[in-house]
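Visitor: coordinates only, sequence not included:
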């Protein structure tokens, strides 16, 4: 078993590993390579070292004794997978296990390049699929504050009305930011009653989205002040220099609003689309209706909003129920 002299005084996680001197020396050299040549951060180096320490302890248990470099070269694919499965059983998320595998690949690739050990099985390992994060909606109150603050922060009156109209459209109709800035003046309805717009979505698929009167009114107030051409083929949303507003400029507006209101980084233009769907779901709107409004090709994509709503309900339940903390 390796003692502190082999593992290094500042590497306590490796001091008691069941490994032989040749492997201990290789780990020390790999550690120095991460720090001096790869120039990884101290945090990343420590995370990788912890991953490898866990791996070595697990494999030593399988092997039944101290590990040497020759043992690493002989580890089969099933053993690698068993370690990742054990990590999952211990509660490691898919993201954590992906980092575990990254550390493992770093070590084995370095062992191969330095002619210390070669293991063909490591190349067959696949990273665990990360669970797609659930949509994060803003509250109704935050949505109102966002619209108000966007108007307050604008440098000119017409831009103030533009920013409010744009964000109102995202929140009130569930458009993607790219879909909104691609609209032309011809898309704008003339009357608030039974108004709708035709949106060119992903995959060149068109959908018709009804507009609330508040959205139509916000658009009309913006167009009344906009100083640029109002022809049917002109952009609906103009930038400050008279060209079509681009998505990055719209994201910058939201970033300024978010910072002004001290809201989390998850509050983006797309979060308003999430909020549109989540708030409709909370009002018992059918999931397939929401699918059509969002332009999702598959109901599975829309299902994520139901999952997010269930997570929210669980959080409320866990916080409020008198037996939840028992």
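Guide: Received, thanks. Please read all numbers here as calculations on a predicted model, not as lab measurements.

Visitor: following element in sequence after the worst-scoring helix or strand of the chain on mean pLDDT, please.
Guide: In the chain, no helix or strand scores lower on mean pLDDT, DSSP states H and E than helix 4-7, which sits at a mean of 34. Moving toward the C-terminus from helix 4-7, the next helix or strand (DSSP states H and E) is helix 21-36.

Visitor: and that following helix, how far out from the chain middle?
Guide: Distance, stretch centre to chain centre, for helix 21-36: 34 Å (CA atoms, centre = their mean, to the nearest Å).

Visitor: pull out the buried positions in that helix.
Guide: Within helix 21-36, the residues that count as buried by 16 or more other CB atoms under 10 Å are 23-28, 30-31, 33-34. For the C-beta atoms, the positions are set from N, CA and C on the backbone; glycine is no exception.

Visitor: quick one, the helix or strand that it is followed by and helix 21-36 angle?
Guide: For helix 21-36, the succeeding helix or strand toward the C-terminus, using DSSP H and E, is helix 42-63. Our comparison of helix 42-63 with helix 21-36, counting by axes from the mean of the first three to the mean of the last three CA atoms, to 10 degrees, yields an angle of 160 degrees.

Visitor: give me the residues contacting helix 42-63.
Guide: By CB atoms under 8 Å, 6 or more residues apart in numbering, the surrounding residues in contact with helix 42-63 are 11, 13-14, 17-19, 23, 27, 31, 34-35, 40, 66-67, 71-72, 75, 79, 82-83, 86-87, 99-100, 102-104, 106-107.

Visitor: before we move on, what about stretch 77-95?
Guide: By CB under 8 Å, 6+ apart, stretch 77-95 touches 54-55, 58-59, 62, 96-97, 100-101, 104, 121-122, 124-125, 128-131.

Visitor: in that stretch, which residues are buried?
Guide: 80, 83-84, 87, 92.

Visitor: what does stretch 45-53 give?
Guide: Neighbour counts over stretch 45-53 (16+ other CB under 10 Å) mark 45, 47-49, 51-53 as buried.

Visitor: now swap in stretch 284-301 and tell me
Guide: Neighbour counts over stretch 284-301 (16+ other CB under 10 Å) mark 290-291, 293-296 as buried.

Visitor: what do you get for stretch 119-129?
Guide: Residues 119, 121-122, 125, 128 are the ones in stretch 119-129 that count as buried (16+ other CB under 10 Å).

Visitor: so how far is that stretch from its chain's centroid?
Guide: 24 Å.

Visitor: residues in contact with it: which ones?
Guide: 72-77, 80-81, 84, 88, 94, 97-98, 101-102, 104-105, 108-109, 111-112.

Visitor: what of stretch 97-107?
Guide: Contact partners of stretch 97-107, identified using CB under 8 Å, 6+ apart, comprise 27, 30, 34, 47-48, 51-52, 54-55, 80, 84, 87-88, 92, 122, 125, 127-128, 130.

Visitor: quick one: the helix or strand where residue 88 lies to helix 42-63, angle?
Guide: If you go by DSSP H and E, residue 88 is part of helix 77-89. Between helix 77-89 and helix 42-63, the angle comes out at 120 degrees (the same axes, to 10 degrees).

Visitor: could you pull up the mean pLDDT of helix 77-89?
Guide: Averaged over helix 77-89, pLDDT sits at 90.
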